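Q: below are the sequence and a predicted model; questions follow.
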Amino acid sequence: MKKKNTFSDLKAREIKARQDVIIDAAERVFSVKPFSKVSIRDIAREAGISHASIYRYFPDQQSLFVEAFIHGARQIVQFLADMIRDSEKGDIEKVSEAYITYLIKNDPYFRMMTQFMLDGSLSADLIEKLNAAERQIFDQFDILFRKMNMREPVRPLSHAFFAALNGVLITFRNYPGRSKEAVHQHMLKIAGVIASKFPAE
């Protein structure tokens, strides 16, 4: 039997489609301009709407930025899920290398993630949204550690692994006096050291 559609359903889909257009525009702006310098006007210009119109779909700038990050986090989670699923016994070195490389190539997401982690001004609702996105990444690392036959509970290991890899990105991403490629290779080397501290049992 065909699903019944109502005008209410249509309106909800239209709102969602417009939110997606704005989020896509925000991600394009983030890719060419430092996250901290992006304004609602920049995003509105990219989306082809007035900046006042954005507030019909997002209550404030933080809400829009958090939604853009969550959209990116879903991509990170899917990327990790595919890699970990295809790894028969859980190759933690490959996962650590892929995670570092992904966030180097998708720098706006990493900038947003660190900004939100350090920003104490977010509302409880937005913090919970961020925590939910982060938990999905932890879930993938849990799967990895279980494939490696690590003892339960594995969640603290996932927290430690996540924190260590993000620490590498924070510490070395702007390493002075080195080319981008040299910095990337150095971060991969340190990520490999971290991965070696989680030997399969």
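A: Looks like it arrived, so ask away.
Q: show me what the helix or strand hosting Phe116 is packed against.
A: Assigned by DSSP states H and E, Phe116 belongs to helix 107-118. For helix 107-118, the packing partners by 3 or more C-beta pairs under 8 Å, 6 or more residues apart in numbering; DSSP states H and E come out as helix 7-32, helix 61-85, helix 92-105, helix 155-172. Yep, even glycine has a C-beta here, placed from its N, CA and C like the rest.
Q: pLDDT of stretch 163-170, averaged?
A: Mean pLDDT, stretch 163-170: 95.
Q: pretty sure Ala191 contacts Phe161?
A: No - counting by C-beta atoms under 8 Å, Ala191 does not reach Phe161; the two are 10.1 Å apart.
Q: common neighbours of the two, please.
A: Residues touching both Ala191 and Phe161 (C-beta atoms under 8 Å, 6 or more residues apart in numbering) are Ser96.
Q: tell me, what residue is most central in this structure?
A: For the chain, the residue nearest the mean C-alpha position is Ala73 (3.1 Å; C-alpha atoms, centre = their mean).
Q: list the buried residues of the lowest-mean-pLDDT helix or strand in the chain.
A: Every helix and strand of the chain was ranked by mean pLDDT, DSSP states H and E. The lowest is helix 107-118, at a mean of 80. Within helix 107-118, the residues that count as buried by 16 or more other C-beta atoms under 10 Å are 108-113, 116.
Q: ok, now stretch 81-96?
A: 83-84, 87, 90-92, 95-96.
Q: check stretch 122-137 too.
A: Result for stretch 122-137 [16+ other C-beta under 10 Å]: buried residues 122, 126, 129-130, 133-134, 136-137.
Q: what residue spans form the domains of this protein?
A: Listed domain ranges for the chain are 1-58, 61-196 (source: automatic domain parsing).
Q: would you single out the least confident of these?
A: domain 1-58 (a mean of 85).
Q: any idea how far Asp81 is from Gln136?
A: For the record, residue 81 is Ala, not Asp. 9 Å (C-beta to C-beta, to the nearest Å).
Q: Val168: which of the buried residues of stretch 81-96 is nearest?
A: Nearest to Val168 among the buried residues of stretch 81-96, counting by C-beta to C-beta, is Ser96 at 8.8 Å.
Q: quick one, what contacts that closest one?
A: Counted by C-beta under 8 Å, 6+ apart, Ser96 has contacts 161, 165, 191-192, 194-195.
Q: report the separation between the residue lying closest to Ala81 once chain neighbours are set aside and Ala132.
A: In space, not counting the residues next to it along the chain, Ala81 is nearest to Gln140; the distance is 5.6 Å by C-beta to C-beta, 6 or more residues apart in numbering. Taken as C-beta to C-beta, the spacing of Gln140 relative to Ala132 amounts to 14 Å.
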